[in-house]
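# This is the structure alone, sequence omitted:
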């Protein structure tokens, strides 16, 4: 197949964004454009991108080739040459496959969710642009092009989180996401610069960077690896740059699904895997990444146990699952981390979309106890939501079991027993808070049940497709212990990922432990919430319910401090010191000028006398200097 097809994976949704954006301007300035037109463009472009990716994947699978496409030279200054180039290797195509597929399903879902919204066309323009930005990130052949996509998804997240900008809280949430990510992105940019200095080269392609990594200073490589991961902390919402993620729920539910399942938050995990040649040689940074992931997973899971907003519970679950992914890639098990990215995309998109269907049915109610009080009869959403809850809890044979179990096994195999312990306890909490959510919303007794609520097929169709993935996607990397061939591990062999090589007995014991703790979490949730009085919701006070007051701490330490510094600069340093000095100096010059101006009195004889004095001084100077 022609390598020129690679760039069309990006261009098709990008054209969709441009076309929908143009139609939206026409819609608001001249004549109304039907939602059908926006929908066709918005959904067919991701589908075409997926079909192109699928065709490339099938060709790669048969012929074992890698696609690379150089479009043009972007920067050429001296020896520095940056090419707009894209790479379709096994890792990139693996990511692009489910990004486009899950992204397409979320676009279909958005039709039903956003119907009747006055910003319908604008939403799909942003949505297509978001997908295109993520694909630039995934298919980039060098860190500079990757950074373009990295910033693109950050921009689109801001536009979509603050989509309902008439609400102040939404604007604040969008700003929070944008600012938190700018902190991380600054670290990412410094990491790229440091890496180039470390390698001392100007060929920026990933293949060239990998080939020359052994020639670089270890200290600079470690610094670069740390700074790059700072960017991942922001994009993938890990401690300490996670605070934007729960507030991002202010945006429409389709964007929550897209951010959490197929685009922005997975970018950090992909970036670490893409730089596997860097992190594999720096063990300390890898361990640091794994511990950040472990503590982020635990911290988010603890907070999720007391949240009452259905979308925020799912948001914290995403942060927690991302922590698992970083455990894997930090320890060098890149294929295991990416496999969890893959399985998570199915059940997390399905959970968010199911939550959105519930929210619409109950007129945008998001509190789980109030949802339970006015429960709507939504059989398809209830069924698919249960599948998603089971999958994320790690119950076999659902997909989440296989991917999460591989991560826990990797920590145990590497002797990181603390990480394994944190991971296994987090698995208990995950099962507990997810089934807490399910039992409260769908099972706990109430006094009123709303009759059957019609749910658009554009909402239920993607849910059913994703449910299939949530059940069966795990079998794509069916472990060898059960006679499987670890297809995903073999496909991602280019990352030089460490593989599980424990005895079968140890693996069986670890699997049994994982299943038992998940079952214990479900049992505790059942005992406490299956018959919970939804009319007496849990107290929203307390350190856990208030998210350990981290937002308040950040507000005092960073926001309020920055305001005071800004106020000092404005009112003291700028107004009184700098402006005062400048104004005083200027006033002195004016006064001096006024005094000098008195010399100009229109008296010719007075001018002649000054000329005579001046010329005499010049002649005397020349006489002395020339020694005459």
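Good, I have the coordinates. In this text, all values refer to a predicted model and were calculated from it rather than measured experimentally. Residues are numbered from 1 along each chain as shown.
# Would you mind identifying the next helix or strand past the longest strand along the chain?
Counting residues, the longest strand found in the chain (DSSP state E) is strand 67-77. Next in sequence after strand 67-77, counting helices and strands by DSSP states H and E, comes strand 80-88.
# Next, the angle from the longest strand of the chain to strand 80-88.
Interaxial angle, strand 67-77 versus strand 80-88 (axes from the mean of the first three to the mean of the last three C-alpha atoms, to 10 degrees): 160 degrees.
# just checking, what packs against strand 67-77?
Secondary-structure packing of strand 67-77 (3 or more C-beta pairs under 8 Å, 6 or more residues apart in numbering; DSSP states H and E): strand 80-88. No exception for glycine: its C-beta is placed from N, CA and C like everyone else's.
# Specify the angle between the helix or strand following the strand it packs on and strand 80-88 in degrees.
Sequence-wise, the next helix or strand downstream of strand 80-88 (DSSP H and E) is helix 90-114. Interaxial angle, helix 90-114 versus strand 80-88 (the same axes, to 10 degrees): 70 degrees.
# tell me the average confidence for stretch 595-603?
Mean pLDDT, computed over stretch 595-603, is 68.
# Going forward, the N-terminal residue is numbered 769.
Happy to do that; since the first residue is 769 now, the last one works out to stretch 1363-1371.
# Residue 1080 and residue 1090: what is the separation?
According to C-beta to C-beta, to the nearest Å, residue 1080 stands 15 Å off from residue 1090.
# between those two, who's got more neighbours?
Here residue 1080 and residue 1090 are set side by side on neighbour count (other C-beta atoms under 10 Å), and the busier one is residue 1090, at 30 against 20.
# Where does the more buried one sit: helix, strand or coil?
helix (DSSP: H, G, I helix; E, B strand; the rest coil).
# next one: residue 1303
coil.
# What is the burial count for it?
Here the number of neighbours of residue 1303 (other C-beta under 10 Å) works out to 12.
# Now it. Nearest residue, chain neighbours left out?
The shortest distance from residue 1303 to any non-neighbouring residue, by C-beta to C-beta, 6 or more residues apart in numbering, is to residue 1141 (6.4 Å).
# The one you found reaches residue 1300, doesn't it?
No - using C-beta atoms under 8 Å, residue 1141 makes no contact with residue 1300, being 11.5 Å away.
# Please point out which parts of stretch 941-949 sit buried.
941-942, 944-946, 948-949 (16 or more other C-beta atoms under 10 Å).
# Check stretch 882-894 too.
882, 887-894.
# Which of these fall within helices?
Among those, the members falling in helices (DSSP state H) are 882, 888-894.
# shaky segments in this structure?
For the chain, residues meeting the criterion pLDDT under 70 lie at 769-771, 846-847, 969-970, 1217-1221, 1365-1370, 1395-1396.
# Can you check which helix is longest in it?
Under DSSP H, the chain gives helix 936-967 as its longest helix.
# and that one, what does it pack onto?
So helix 936-967, by 3+ C-beta pairs under 8 Å, 6+ apart, packs with helix 911-929, helix 974-980, helix 986-1003, helix 1012-1015.
# go again using 6 Å as the cut-off
On a contact count with 3 or more C-beta pairs under 6 Å, 6 or more residues apart in numbering; DSSP states H and E, helix 936-967 meets helix 911-929, helix 986-1003, helix 1012-1015.
# Go through the longest one and flag the buried ones.
Using 16+ other C-beta under 10 Å as the test for burial, helix 911-929 gives 911-915, 917-922, 924-929.
# which residues are in contact with that helix?
850, 894, 897-898, 901-902, 904-905, 908, 941-942, 945-946, 949, 960, 1016, 1018-1019, 1023, 1031-1032 (C-beta atoms under 6 Å, 6 or more residues apart in numbering).
# all helices for the stretch 1269-1396 of the chain, in order.
All helices of the stretch 1269-1396 of the chain, identified by DSSP state H, counting those that start in this stretch, fall at 1272-1297, 1318-1322, 1329-1336, 1347-1365, 1372-1394.
# What is the fourth one packed up against?
The helices and strands touching helix 1347-1365, judged by 3+ C-beta pairs under 6 Å, 6+ apart, number zero.
# cool, the first one as well?
Helices and strands touching helix 1272-1297, as assessed by 3+ C-beta pairs under 6 Å, 6+ apart, comprise helix 1167-1181, helix 1185-1206.
# Report the inter-axis angle for the longest one versus helix 1272-1297.
Okay, so that is helix 1185-1206. 40 degrees.
# contacts for helix 1185-1206?
With C-beta under 6 Å, 6+ apart as the test, helix 1185-1206 has contacts from 1058, 1062, 1065-1066, 1069, 1072-1073, 1081, 1095, 1157, 1160-1162, 1176, 1179-1180, 1285-1286, 1288-1290, 1292-1293, 1297.
# and those, which are buried?
Buried residues within those, counting neighbours by 16+ other C-beta under 10 Å: 1058, 1062, 1065-1066, 1069, 1072-1073, 1081, 1095, 1157, 1160-1162, 1176, 1179-1180, 1285-1286, 1289-1290, 1292-1293, 1297.
# circling back to that earlier point, report the two of the buried residues of stretch 882-894 separated the most.
Using C-beta to C-beta, the buried residues of stretch 882-894 reach their maximum pairwise distance at 882 and 893, which is 12.1 Å.
# ok, and for the longest helix of the chain, which residues are buried?
Neighbour-count burial for helix 936-967 [16+ other C-beta under 10 Å]: 938-939, 941-942, 944-946, 948-949, 951-953, 955-960, 962-964, 966-967.
# ok, back up a step: need the buried residues of stretch 941-949 in TSV (columns: distance to residue 1123).
Formatted as TSV, these follow (distance: C-beta to C-beta, whole Å):
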residue	distance to residue 1123
941	17
942	20
944	21
945	19
946	24
948	23
949	24
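# what's the closest non-adjacent residue to residue 1081?
residue 1075 (4.8 Å).
# Which secondary structure state is assigned to that neighbour?
Of the three states, residue 1075 takes coil under three-state DSSP.
# May I have the phi/psi pair for it?
phi -80, psi 150 (degrees, to the nearest 10).
# Give me the neighbour count for it.
Residues near residue 1075, counting by other C-beta under 10 Å, number 24.
# Distance of it relative to residue 1149?
Residue 1075 sits 20 Å away from residue 1149, going by C-beta to C-beta.
# Could you find the closest non-adjacent residue to residue 868?
In space, residue 868 is closest to residue 818, 3.7 Å off (C-beta to C-beta, 6+ apart).
# Report the buried residues of stretch 825-839.
Buried-residue list, stretch 825-839, by 16+ other C-beta under 10 Å: 825, 827-828, 835, 837.
# pretty sure residue 869 is touching residue 818, no?
Yes - applying C-beta atoms under 6 Å, one finds residue 869 in contact with residue 818, separated by 5.0 Å.
# so who does residue 1102 touch?
1041, 1044, 1263, 1265.
# is it true that the second one touches residue 1261?
No - assessed by C-beta under 6 Å, residue 1044 is found out of contact with residue 1261, at 11.3 Å.
# what about these two, which has more around it?
Taking neighbours as other C-beta under 10 Å, residue 1044 and residue 1261 compare with residue 1044 leading, 21 against 14.
# No further questions, thank you.
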